[in-house]
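**Q** Sharing a model prediction with you, sequence too.
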Amino acid sequence: QHKVNLDNEIYPLEDIISNPTTQNVLQMRKQFISKFLNIPETNVFFVDHHKCHANHALFGSQIKDDCLVITMDGFGDGTNATVGIFKGERIEELYRTDLCNIGRIYQFITLLLGMKPAEHEYKVMGLAAYAKDQYIREPLEIFKNTYGLVNGQFCMLTEIKNHYQYFKKRLEGYRFDAIAGALQAWVEEVIVEFVTYWIKQTSIRKVAFSGGVALNIKVSKKIAEIPEVEFIFVPVGSGDESISIGAGYELLQQNFMASKIAGISSPYLGPKLSSEACEEVRNNDFIKKNFQRFPDVKVETLAEILANGNVLANMVGAMEFGPRALGNRSFLADPRNPNIVEKINDAVKNRDFWMPFTPSILEKSVEKYILNPKRLPAPYMTMAFDTTPEAQLEIPAAIHPVDKTARPQIVTKEANTDYYLLLEAFEAITGVGCLLNTSLNIHGKPIVFNPIDIVNEILMNQLVKLNFIRIGSDLYVSKSVGFKGRKK
């Protein structure tokens, strides 16, 4: 409701650099925001980074009784891990540290392996499963000698002045997959010990976990397997993209009882497709020349296209929040054929060969494919699970080819009716209530935001060969495939 003051649009970086004390930076930020938004300084509030993570984890979990709330990331407001307990009113913080350097070490190893830190950590996690035990042992000891736990608190076991140089010197000569495997094994071991300690200290068996480290789905899987853990929840968008949401929860708690706050129950928080945006694609010269439009497409037609081994770009409804595509901005494919992975990579995604794809599974088919004895919720692709022998036979393209785990999206009709009906239609044809789902983007690029982005960012890429695109109610089919519509 306030008019932005464009005369104050330049952020005061020089002033911050010249006097970088925490209090001075906060005051300058407050003054800048006040002037920029034309609001009183008294209306500008700061909420601690890890409090934001903790709030998002708790309220996103829908847990209303006792909960152990754990945050862990690279760094934020002088902290990289916290532990708190929730007993119906507010989160009471029990522990806070800046010595949990797990997230930062993961970044350094990502860089050492020739990938982009703060972006490609998930690739290191995917690569880790390829490492053989005999190659992991020695580099694992290097990680174990750096940081550990004493009475549930992180401590430095070796004085390290420069983490990058420390690991570069000691890991030189080891296999790249062994380094990834050793790193992941160490991270899992330390975090399991950490969580187990605080469960025993608090006697609370439900866990909410957030922060950048919570994006490591194999860690969450290990936490779920701790015998004392009754329930674990990792919220949608557990990285810094949800900080503003957690800050909102913090201010809400000043006026309401926590039990009255309804957490996020849907990931589809982004903009919906507009009729104008869809019309822009219909009128695009490239689309008119190269694609045939089929209006009012039925899910049965889409299911048939997928069952015939085609890749479908699917853009419908409201965009997902967070780093995972959950059906509304996705490439979809038949998970039965492992060769579809190579087809997607060659024709569309251009991803690293070792990276697995993920399954969207009908709620009624979960037990058929996923081993989930604690019946943990998995609506957002934030958890990994072991798979059943049936999954390994029926949906091999949507599970990790080496360790046979999966990062599923369990789809309910209430959460996403359109996607649920498409999965049902695919099941009616194939007997498989699952689709391979990967984000609607070229590898390394953001997920497409507007329908026209599919043309500009994907189809204009000379490496891409995409024949089937669904935008809203329209199906676009490349004229090169001679598609006539659904077979009767």
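**A** Okay, I see it.
**Q** Any regions of the stretch 351-488 of the chain where pLDDT drops low?
**A** Applying pLDDT under 70 to the stretch 351-488 of the chain picks out residues 486-488.
**Q** Which parts of it are helices?
**A** 366-369, 389-394, 417-430, 451-453 (DSSP state H, counting those that start in this stretch).
**Q** For the third one, name the packing helices and strands.
**A** This means helix 417-430. helix 299-307, strand 358-362, strand 409-411, strand 434-439 (3 or more CB pairs under 8 Å, 6 or more residues apart in numbering; DSSP states H and E). All C-beta atoms are positioned from the backbone trio N, CA, C, and that covers glycine.
**Q** quick one on the thing from earlier: what about the helices of the stretch 351-488 of the chain, which gets the closest to residue 408?
**A** With CB to CB as the measure, helix 366-369 is the member of these nearest residue 408 (7.6 Å).
**Q** how about the helices of the stretch 351-488 of the chain in a markdown table, adding mean neighbour count and distance to residue 19?
**A** Converted to a markdown table, the helices of the stretch 351-488 of the chain look like this (neighbours: other CB atoms under 10 Å; distance: least, CB to CB, whole Å):
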| stretch | mean neighbour count | distance to residue 19 |
| --- | --- | --- |
| helix 366-369 | 19 | 55 |
| helix 389-394 | 15 | 57 |
| helix 417-430 | 19 | 52 |
| helix 451-453 | 20 | 42 |
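**Q** since we're on residue 295, how many residues are nearby?
**A** Applying other CB atoms under 10 Å, we find 9 residues neighbouring residue 295.
**Q** any idea how far the closest residue to it other than its chain neighbours is from residue 315?
**A** Counting by CB to CB, 6 or more residues apart in numbering, residue 295 lies nearest to residue 474, which is 5.6 Å off, once chain neighbours are set aside. According to CB to CB, to the nearest Å, residue 474 stands 10 Å off from residue 315.
**Q** what about the two, which has more around it?
**A** Just comparing residue 474 and residue 315: by other CB under 10 Å the higher neighbour count belongs to residue 315, 25 against 20.
**Q** Give me the phi and psi for that one.
**A** Residue 315 has phi and psi values of phi -130, psi 100 when expressed as degrees, to the nearest 10.
**Q** dump the residue contacts of it.
**A** 273, 328-329, 440, 448, 451, 454, 469-472 (CB atoms under 8 Å, 6 or more residues apart in numbering).
**Q** ok, 10 Å please
**A** Residues counted as contacts of residue 315 (CB atoms under 10 Å, 6 or more residues apart in numbering) are 273, 277-278, 281, 328-330, 440, 447-451, 453-454, 469-472, 474.
**Q** quick check, residue 124 in a strand?
**A** No - according to DSSP: H, G, I helix; E, B strand; the rest coil, the state of residue 124 is helix, so it is not within a strand.
**Q** Tell me the strands beside the strand ranked longest in the chain, with direction?
**A** Of all segments of type strand in the chain, defined using DSSP state E, the longest is strand 67-76. Strands that pair with strand 67-76, judged by DSSP bridges, come out as strand 79-86 (antiparallel), strand 206-210 (parallel).
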